[in-house]
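**Student:** curious how this folds, go ahead:
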Amino acid sequence: MKRVALELGGKSANLILEDADLDTAVRAGVQHVCLNSGQMCTAWSRMLVPEARVEEAARIARDEAERITVGDPVEGRAKMGPLVSRTQRERVRGYIRAGVEAGARLVTGGVEPPEGLSRGFFVRPTVLCGVSSTMTVAQEEIFGPVLSILSYRDEEDGIALANDTIYGLGGAVWSADPARAERVARRLRTGQVHINGAPFNPVAPFGGMKQSGRGRELGVGARGVPRAEDAESLNLSGAVASGGGRRSGGRMSECRPGDFDPFDPGVIEAPYRYYRALRRHAPVYEVPGGGFHVVSSYALVQEVALAAEIFSSNLVAVLLAGGATTPQVLALDLADVEAKPVDVLATVDPPVHTRQRRVIGRAFQARRMAVLESAVRARAAALIDRAVETGGCDWMGAVAGPLPLAVIIDLLGLPAGDASTLARWSDAAIATLSGAITAEQWAESLREIGAFQRYLRARFREAEHSPREDLMGELVRATRDRGDGLSREEAKAALFQLFIAGNESTTSLLGSAVRLMVERPDVEACVRSDPARIGDLLDEALRLESPFQGHFRVVRADTRLGGVELTRGSRVMVLWGAANRDEAVFPNPDHLDLERPNIKSHVAFGLGIHYCLGAALARLEARVVLEELLARCRRIRLAPGHCPSHLASVFVRRLRSLELVVAPC
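**Tutor:** Next up, the predicted model:
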């Protein structure tokens, strides 16, 4: 018979191991089975719990199910709507009756309509406990909000129970030990397994095994998966592993350096397997048609960063997509901007850089940072309290974006009422460096940058008349130091750069750190019990999801790097994000490990003379925000069905949104 792609449903197992955070795992499982009113082929409709914890799991499941408001979704309050038809409603009710008649215990829900909803095809979220693997409700796809709780004796029994089905489409495994969870997940005969609540990954191969079908979306050709009809994808925190299920147990076939396309949405969203291929096979790789090399290994990135006399930081070009299939390097011409800024800090070389950094660095002294902490804490508390009042938020829009913006506005002495306009201008500046905009978008961004520059110049002129005790005032005073100061143009250019960099890096860090934490219940438990470990979480977040994935350098003299000849005037892009996952420096590099002995060895804030001036401020803001978040919320998790994605940018690693559900302490 000819093999074809089929998808015939699922009966996915949610296997909760005995060391898992039971509260988090059970609540996530209930929410998952109620997504789209349970009408989802990958729903985790079988919850497998250790025998000793079944009653505890049933109590948690009942509490969570009864929190789900059923009703007309148009009205806004409802979290779960009706089934698709009267026929489907009666089918689901029939399964509930059959389960109870077979001996299952009805924990909550049932066949009666939700209170106040006598009309419509509604079914209450239903939890059945004491279900055996032979019951119909444990074997057949119900396609409704019905959860069956089954018990198992030990790990081997749990795996056997998970595989005791004719289906094999999705599933989940929970454990305090991620390595154990991954090992167990690889033994499940199902197409895609979510580990510790990791969200759905849109770029991972997707499909089933057994009667859940054959074939894969994003299979052969798209991602190079051998025998893709039998491949299993594991959704991990920060990475996706894939293997040949029980038959081979191997990893997804290694991609090649030639597969690296910096503009491909899949590469931008999940770049790390491509970085791995570059490190292993071509650590200095010339991007075809791009006119530049990318540098991906830790040792070679370090070599470039520490050799400013050979690799200049002077920004002379940017990447531009322009709809092309290969990247284009566009010469940086700011003629359309009212006043072309002079090079400062990150875009200038010694000896000018040395003088500028010494002068501007005074504004970031430790005593100034200490004074800022109380103001940061008050702002963080206010923003988080608003999210708690509503039961959740888009973390990026509610806290991770507004807080760093407010802090840098205060630091520079700009009017707080201008925040929304300043945010728009900041995004426009970041867009010019994204490598993912067209020529038309580039032109529009330049117009926004021009307006931003005019604004900053006007504020600077005001400060010159009466400089205050803020960063703007410090820069004004530096222009009056004839011996070792700044020119007026340098000071104004520094304002622009400090605003953009200070805002962007902290926003990115706040998003990544919270996402990694909520995806790893063991990590959240660790930092809750010992808030001093928040610093370790931030370092791992910086390493795993570097806020700036890379920066350009210009070769000042003919040289050799990693065995590759580079000519004077050529360009290289140092990939901080790739260096930070180099297995030669960080064993098990895709794993978040708070016990990592070299946890501070990452290069997320750069290296050498261009190490980020505002690194201490970014750490302070992120630490304080996480402290306040944990102090105010007893439970934090991703909103059901939410799949976080990142801004389309070659350089910046920032989440577009991060929908959270929170419960107050």
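**Student:** which residues in the stretch 301-450 of the chain form helices?
**Tutor:** Assigned by DSSP state H, counting those that start in this stretch, the stretch 301-450 of the chain shows helices spanning 352-360, 366-390, 395, 402-412, 419-432, 439-465.
**Student:** tell me the most buried of those?
**Tutor:** Ranked by mean neighbour count, the helices of the stretch 301-450 of the chain are led by helix 395 with a mean of 29 (mean count of other CB atoms under 10 Å). The way it works is simple: take the backbone N, C-alpha and C, and place the C-beta from them, glycine included.
**Student:** what does that helix rub up against?
**Tutor:** Residues from elsewhere that reach helix 395, judged by CB atoms under 8 Å, 6 or more residues apart in numbering: 387, 510, 511, 514, 657, 658, 659, 660.
**Student:** one more time with 10 Å, if that's ok
**Tutor:** Here helix 395 makes contact (CB atoms under 10 Å, 6 or more residues apart in numbering) with 383-384, 387, 401, 510-511, 514-515, 518, 625, 629, 636, 638-639, 644, 655, 657-660, 662.
**Student:** where along the stretch 1-150 of the chain do the helices fall?
**Tutor:** Assigned helices in the stretch 1-150 of the chain, in chain order: 22-33, 54-67, 86-101, 136-139 (criterion: DSSP H, counting those that start in this stretch).
**Student:** of all those, which lies closest to residue 586?
**Tutor:** Proximity to residue 586, assessed across the helices of the stretch 1-150 of the chain by CB to CB, is greatest for helix 22-33 (27.0 Å).
**Student:** let's see that closest one as CSV, backbone CA atoms only.
**Tutor:** Extracted in CSV, the C-alpha atoms of helix 22-33 (Å, rounded to 0.1, in the frame of the first residue of the first chain):
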residue,chain,number,x,y,z
LEU,A,22,1.1,18.5,40.8
ASP,A,23,-0.9,21.8,41.2
THR,A,24,0.7,23.3,38.1
ALA,A,25,0.5,20.1,36.0
VAL,A,26,-3.2,19.3,36.9
ARG,A,27,-4.4,22.9,36.3
ALA,A,28,-2.6,23.1,33.0
GLY,A,29,-4.1,19.7,32.0
VAL,A,30,-7.7,20.9,32.8
GLN,A,31,-7.2,24.1,30.9
HIS,A,32,-5.8,22.1,27.9
VAL,A,33,-8.7,19.7,27.7
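**Student:** got the angle for that helix vs helix 54-67?
**Tutor:** 50 degrees (axes from the mean of the first three to the mean of the last three CA atoms, to 10 degrees).
**Student:** hang on, the earlier thing: quick one, which of the helices of the stretch 301-450 of the chain gets closest to residue 608.
**Tutor:** Residue 608 lies closest to helix 352-360 among these, at 10.8 Å (CB to CB).
**Student:** just the residues contacting the closest one, thanks.
**Tutor:** Residues contacting helix 352-360 (CB under 10 Å, 6+ apart): 308, 313-314, 342-348, 350, 471, 474-475, 477-479, 481, 484-487, 490-491, 493-494, 497-498, 609-611, 613.
**Student:** just the buried ones out of these, please.
**Tutor:** 308, 313, 342-348, 471, 474-475, 477-479, 485-486, 490-491, 493-494, 497-498, 610, 613 (16 or more other CB atoms under 10 Å).
**Student:** ok, back up a step: strands - which of the contacts of helix 395 land there?
**Tutor:** Judged by DSSP state E, strands contain the following of those: 636, 638, 659, 660, 662.
**Student:** about what we covered before: just the helices of the stretch 1-150 of the chain: most buried one?
**Tutor:** The most buried stretch of the helices of the stretch 1-150 of the chain, if neighbours are counted by mean count of other CB under 10 Å, is helix 22-33, with a mean of 24.
**Student:** mind checking how far the host helix or strand of residue 157 is from the chain centre?
**Tutor:** Residue 157 is located in helix 155-163, with elements delineated by DSSP states H and E. Taking the mean of its C-alpha atoms, helix 155-163 sits 31 Å from the chain's own mean (CA atoms, centre = their mean, to the nearest Å).
**Student:** ok so, going back, residue 208 is nearest to which of the helices of the stretch 301-450 of the chain?
**Tutor:** For the helices of the stretch 301-450 of the chain, the distance to residue 208 is smallest for helix 395, at 32.9 Å, taking CB to CB.
**Student:** isn't residue 365 right next to residue 471, touching?
**Tutor:** No: with contact defined as CB atoms under 10 Å, residue 365 does not count as touching residue 471 (11.5 Å).
**Student:** picking up where we left off before, turn the helices of the stretch 301-450 of the chain into TSV, columns for mean pLDDT.
**Tutor:** Putting the helices of the stretch 301-450 of the chain into TSV (pLDDT from 0 to 100) gives the following:
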stretch	mean pLDDT
helix 352-360	84
helix 366-390	86
helix 395	96
helix 402-412	93
helix 419-432	87
helix 439-465	87
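**Student:** among those helices, which is nearest residue 129?
**Tutor:** Taking those one by one with CB to CB, helix 366-390 is closest: 31.5 Å.
**Student:** mind checking how far that closest one is from the chain centre?
**Tutor:** With CA atoms, centre = their mean as the basis, helix 366-390 stands 23 Å off its chain's centre.
**Student:** residues touching the nearest residue to residue 125 once chain neighbours are set aside, list them.
**Tutor:** Once flanking residues are discounted, residue 125 sits nearest to residue 65: 4.0 Å by CB to CB, 6 or more residues apart in numbering. In this structure, residue 65 makes contact with 27, 30-31, 33-34, 80, 107-109, 124-127, 145, 147, judged by CB under 10 Å, 6+ apart.
**Student:** list the contacts of the nearest residue to residue 629 once chain neighbours are set aside.
**Tutor:** With sequence-adjacent residues excluded and distances taken as CB to CB, 6+ apart, residue 629 is closest to residue 384, at 5.6 Å. Applying CB under 10 Å, 6+ apart to residue 384 gives the contacts 393, 395, 398-399, 403, 625, 628-633, 662.
**Student:** roughly how far does residue 384 sit from residue 197?
**Tutor:** Distance, residue 384 to residue 197, using CB to CB, to the nearest Å: 21 Å.
**Student:** model confidence for residue 247, exactly?
**Tutor:** Residue 247 is assigned a predicted lDDT (pLDDT) of 28.
**Student:** what's the burial count for the nearest residue to residue 135 once chain neighbours are set aside?
**Tutor:** Spatial nearest neighbour of residue 135, excluding adjacent residues (CB to CB, 6+ apart): residue 102 at 4.8 Å. Close neighbours of residue 102, defined as other CB atoms under 10 Å, add up to 16.
**Student:** distance of residue 102 relative to residue 133?
**Tutor:** Residue 102 sits 12 Å away from residue 133, going by CB to CB.
**Student:** and for residue 602?
**Tutor:** Per CB to CB, residue 602 is found 46 Å from residue 133.
**Student:** what segments of the stretch 151-300 of the chain are helices?
**Tutor:** Counting by DSSP H, counting those that start in this stretch, the helices of the stretch 151-300 of the chain are 155-163, 178-185, 245-248, 265-269, 272-281, 298-305.
**Student:** pull out the buried residues from the longest helix along the chain.
**Tutor:** Using DSSP state H, we find that the single longest helix of the chain is helix 488-519. Residues 488, 490-519 are the ones in helix 488-519 that count as buried (16+ other CB under 10 Å).
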